[in-house]
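[1] please work out how this folds:
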Amino acid sequence: MNVIPFLGYEDLPAAIDWLAKAFGFEAVGVHKGEDGKVVHAELRFGDGMVMLGPPGRSWGMKTATELGAVSGGIYSIVDDGIDAHYERAVAAGAEVAMELHDTDYGSREYMVRDPEGNLWSFGTYRPE
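    Next up, the predicted model:
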């Protein structure tokens, strides 16, 4: 089984560009509807992937900005260069929720919010 998180964004083209610039994601699939608007995107980071789409109001999904809160986040493993990754995210305008630090379980990690309020955590810890 593979687990692929999905997030809703009001401005999908801006989210795709920002996630590439700030975190190093690569868009491997961007699908548009008949009206030319992006309706689905697949972004890769290392061996992982995240999918993006417009908020699904028909099934009750709202963006973090709409809710004014989040109920979870996405953790991504950065094997090499976590300090440079952090600097890249901050330079792109990520809102720091947790500064880059060393943990007592051997990880170096940080957490930020993207422009639409989603939480992203990056670290060197690789769960077993």
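
[2] tell me which stretches of this protein form helices.
    Secondary structure of the chain by DSSP state H: the helices cover 12-23, 64-67, 82-91.

[3] dump those to CSV, plus mean pLDDT.
    What follows is the helices of the chain, written out as CSV (pLDDT from 0 to 100):
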stretch, mean pLDDT
helix 12-23, 97
helix 64-67, 86
helix 82-91, 98
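
[4] tell me which residues in the helix-or-strand element of the chain with minimal mean pLDDT are buried?
    The least trusted helix or strand in the chain, going by mean pLDDT, DSSP states H and E, turns out to be helix 64-67, with a mean of 86. Neighbour-count burial for helix 64-67 flags 64-65 (criterion: 16 or more other C-beta atoms under 10 Å). Where you see a C-beta, it was placed from the backbone N, CA and C, and this is true even at glycine.

[5] go on, stretch 96-116?
    100, 108-116.

[6] tell me the contacts of the residue in the chain sticking out farthest from the centre?
    Largest separation from the mean C-alpha position in the chain: E34, at 26.5 Å (C-alpha atoms, centre = their mean). Listed by C-beta atoms under 8 Å, 6 or more residues apart in numbering, the contact set of E34 is empty.
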